[in-house]
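A.B. asks: no sequence on hand, only this structure:
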DNA sequence: TTGAAAGCGCTAACAG
DNA sequence: CTGTTAGCGCTTTCAA
């Protein structure tokens, strides 16, 4: 509504200080060609009047805003939170502040079109560069620096940071196979995402490498959410010949597995080995073994990359691939009689 | 840098559509007085060109932006995260999007002055209203709607949501006293915060009410962080006559207590009862008993209040006081020989 | 139903 | 060293 009623403008400052608007602007921007005395007066008036320059007006003249834009679909999601922690840290150590944009809901407007819209909104208007988390678009039409964390697709046209999903899945599988498991269930991620695809490949190839025949019944279709993890787990455990271990495509899914197992009286890890992927806090505190894809580091690195871009420095690599690491918190040997809902 | 090189402006749209700028503006703002045919053409051009209106320019003419501003000191802090979850949910259910501003670090710029600055930045320029988390300022000079979540001070001049800190502390103490504890250590919160003050009062009064004499040695000065919680816990446990229970001013502090105890081989809750305050995820998964001040709900409610303000509706109450509730996850009876570092 | 024109608050030449 | 001036992209009178 009355956004600007008693707002103090540069004009007010100029008038009060008895100088011209441009002089105030010079002081504001630390130009050198201002008399010490003038500068002092202007600064005092600015302070007295409590003047804050209008971001809108300032950025309309396409100047530096010292603001980084961050686009996140849902800031309540553990995955987003971990990444945000890393970005937050990089921001804290810098001269930039952070402007995070969210619609609050992945489903509210989750199209590539909408993404482009938001990126344009931020980059064209008020930020010096943009980080976008889990971007769906293959390309962004903007001249402003942009970096993506964990893009949905394989080879986007913009700089990005993503995890070595195939390698991570292989780590998870090697771990389970080494424990002696032969029947390992898989709960996949969202069909349309590159990461899910890579993790699935890691699952398949690891089995082949270990000489274990793939049983299609052991592969279920999840979507990176706990409810799906819950359903898929029940499905797997009600099989005539259920798995002795489950590789969940991400931690969120693994939490669903955890809940389903608890409900069925099947203990993790005593009765069933479970490995997730992400290493979010929840999984950590639940004692779940996970493949750590260093979410926070991804956020941190992406921010650093963006800083370079903003400063006009070249990037060492357009795509930064994060290695993964297995964080073993629990483990179990496969049982003679695998857990099952029917037993 | 080149923020606006190939940016599509309203002028481009007008030219391509063969109409005037004002006509495009009318279409953009859903004015009624536009010919259907014209409207259709303009919309098609907007789509073709991938036009996104400049937030900066638009908000300079002080129009509605459909954006809520949120000011948070540090988005990596568990406390902030819980509150953000609630705000995120309210946003998801609304027509507004969220623009979160953070410096990334409480210490980077944590003055009331700086707060006013950021609020002005957002409210004067680009948002329809602002939510500020843990505000320090007693007053904000802005005509834009503003709501604070958990303000630092007692009676701010702006609408806010805060927890019943005194009541919560009393709940924690009653719980511990009912368990039979007589020597209850207290790790206080940040000296300068109203909430810490209230919790301390709750501690004192509960002792008095139970007829337990207050031992000054059992009161330590924390600051709502885990390192402080850690130090204070060591201090308390090295007392000649150590406490059998500890009331930590918040969960973050309780986590520090948890860590110190673990390090000393003192088990929680078997050897030592601990109650925190906040109910953040970490504490939850650690099995710590906490006083739930419903952080997410506070965020949610604050956002609802802001919506009302933006729509010009009156507030039922300028200050919303959240009740608290004890979430018991662990408990122990006081031992004959209380745990101590020296034993 | 549309267009022309006046600014919103600010920065960046260009004069002085 | 400082003031004048011309816009940035947009909305909003005011005429046509």
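C.D. replies: Received it, and whenever you're ready, just let me know what you need. Only a predicted model underlies this, so the values are computations on that prediction, with no experimental measurement involved.
A.B. asks: C-alpha from now on. contacts and neighbour counts both.
C.D. replies: Will do.
A.B. asks: what residues does the stretch 1-150 of chain A have near DNA strand C?
C.D. replies: Neighbours of DNA strand C within the stretch 1-150 of chain A, by CA under 7 Å from any atom of the strand: A:4, A:7, A:9-11, A:21-22, A:24-26, A:28-29, A:52-55, A:57-58, A:60-61, A:63.
A.B. asks: how about the strands in the stretch 151-300 of chain A?
C.D. replies: For the stretch 151-300 of chain A, the strands defined by DSSP state E, counting those that start in this stretch cover A:160-163, A:184-187, A:219-220, A:245-248, A:273-278, A:289-292.
A.B. asks: over to the stretch 1-150 of chain A?
C.D. replies: Going by DSSP E, counting those that start in this stretch, the stretch 1-150 of chain A shows strands at A:67-71, A:97-102, A:129-133, A:146-149.
A.B. asks: the last one close to chain B?
C.D. replies: What it means is strand A:146-149. No - against chain B, strand A:146-149 shows no contacts by CA under 8 Å from any CA of the partner chain, the least distance being 11.6 Å.
A.B. asks: make TSV out of the strands of the stretch 151-300 of chain A and add distance to residue B:193.
C.D. replies: Output for the strands of the stretch 151-300 of chain A, formatted as TSV (distance: least, CA to CA, whole Å):
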stretch	distance to residue B:193
strand A:160-163	40
strand A:184-187	47
strand A:219-220	51
strand A:245-248	44
strand A:273-278	37
strand A:289-292	38
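A.B. asks: out of the ones you listed, which is closest to residue B:341?
C.D. replies: Among these, the nearest to residue B:341 by CA to CA is strand A:289-292 (33.1 Å).
A.B. asks: please name every helix or strand in contact with the closest one.
C.D. replies: helix A:165-178, strand A:273-278, strand A:325-327 (3 or more CA pairs under 8 Å, 6 or more residues apart in numbering or on different chains; DSSP states H and E).
A.B. asks: so which of these gets nearest residue A:339?
C.D. replies: strand A:273-278 (10.7 Å).
A.B. asks: sheet-wise, list the partners of the closest one with their directions.
C.D. replies: Strand pairing for strand A:273-278, determined by DSSP bridges: strand A:245-248 (parallel), strand A:289-292 (parallel).
A.B. asks: possible to save the helices and strands packed on strand A:289-292 as JSON lines with mean neighbour count and mean pLDDT?
C.D. replies: Shown next, in JSON lines, are these (neighbours: other CA atoms under 10 Å in any protein chain shown; pLDDT from 0 to 100):
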{"stretch": "helix A:165-178", "mean neighbour count": "22", "mean pLDDT": "98"}
{"stretch": "strand A:273-278", "mean neighbour count": "28", "mean pLDDT": "97"}
{"stretch": "strand A:325-327", "mean neighbour count": "19", "mean pLDDT": "97"}
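A.B. asks: so which of these comes closest to DNA strand C?
C.D. replies: Among the helices and strands packed on strand A:289-292, the nearest to DNA strand C by CA to the nearest atom of the strand is strand A:273-278 (42.6 Å).
A.B. asks: for the least confident helix or strand in chain A by mean pLDDT, which positions count as buried?
C.D. replies: Least confident element among the helices and strands of chain A, by mean pLDDT, DSSP states H and E: helix A:112-120 (a mean of 85). Neighbour counts over helix A:112-120 (16 or more other CA atoms under 10 Å in any protein chain shown) mark A:115, A:116, A:117, A:118, A:119, A:120 as buried.
A.B. asks: kindly check the end-to-end length of stretch A:14-29 for me.
C.D. replies: End-to-end distance for stretch A:14-29: 15 Å, by CA to CA, to the nearest Å.
A.B. asks: can that stretch be said to contact DNA strand D?
C.D. replies: Yes - if you take CA under 7 Å from any atom of the strand as the test, stretch A:14-29 does meet DNA strand D, through A:18, A:19, A:20, A:21, A:22, A:23.
A.B. asks: what segments of the stretch 151-300 of chain A are helices?
C.D. replies: A:165-178, A:194-209, A:226-237, A:251-264, A:281-286, A:295-310 (DSSP state H, counting those that start in this stretch).
A.B. asks: from the residues of stretch A:14-29 next to DNA strand D, list the buried ones, please.
C.D. replies: A:21, A:23.
A.B. asks: contact partners for whatever residue of the stretch 151-300 of chain A ends up closest to chain B?
C.D. replies: Of all residues in the stretch 151-300 of chain A, the one sitting closest to chain B is residue A:285 (5.4 Å; CA to the nearest CA). Contacts for residue A:285 (CA atoms under 8 Å, 6 or more residues apart in numbering or on different chains) come out as B:282, B:285, B:286.
A.B. asks: same check on residue A:213?
C.D. replies: Neighbour list for residue A:213: residue A:207 [criterion: CA under 8 Å, 6+ apart].
A.B. asks: before we move on, what about the one 10 residues further on?
C.D. replies: Contact partners of residue A:223, counting by CA under 8 Å, 6+ apart, are A:188, A:189, A:190, A:191, A:229, A:253.
A.B. asks: among the strands of the stretch 151-300 of chain A, which is the most enclosed?
C.D. replies: The highest mean neighbour count among those, using mean count of other CA atoms under 10 Å in any protein chain shown, belongs to strand A:245-248: a mean of 29.
A.B. asks: need the residues of the stretch 51-200 of chain A near DNA strand D, please.
C.D. replies: A:57, A:60, A:61.
A.B. asks: quick one: low-confidence ranges for chain A?
C.D. replies: Along chain A, the parts satisfying pLDDT under 70 run over A:1-6, A:107-110, A:342-343.
A.B. asks: returning to what we had before: out of the residues of stretch A:14-29 next to DNA strand D, flag the one nearest to residue A:144.
C.D. replies: Of the residues of stretch A:14-29 next to DNA strand D, the one sitting nearest to residue A:144 (CA to CA) turns out to be residue A:22, at 27.3 Å.
A.B. asks: for that closest one, list the residues it contacts.
C.D. replies: Residue A:22 neighbours (CA under 8 Å, 6+ apart): none.
A.B. asks: picking that back up, now, of the residues of the stretch 1-150 of chain A next to DNA strand C, which are buried?
C.D. replies: Those of those that meet the buried threshold are A:4, A:7, A:9-10, A:21, A:24-25, A:52-55, A:57-58, A:60, A:63, by 16+ other CA under 10 Å.
A.B. asks: can you redo the residues of the stretch 51-200 of chain A next to DNA strand D as JSON lines with distance to residue B:314?
C.D. replies: Formatted as JSON lines, these follow (distance: CA to CA, whole Å):
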{"residue": "A:57", "distance to residue B:314": "31"}
{"residue": "A:60", "distance to residue B:314": "35"}
{"residue": "A:61", "distance to residue B:314": "38"}
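A.B. asks: which one of those residues is nearest to DNA strand C?
C.D. replies: Distances from DNA strand C to these, taken by CA to the nearest atom of the strand, are shortest for residue A:57, at 4.2 Å.
A.B. asks: returning to that earlier point: out of the helices and strands packed on strand A:289-292, nearest to residue A:79?
C.D. replies: Smallest distance to residue A:79 across the helices and strands packed on strand A:289-292 (CA to CA): 7.7 Å, for strand A:273-278.
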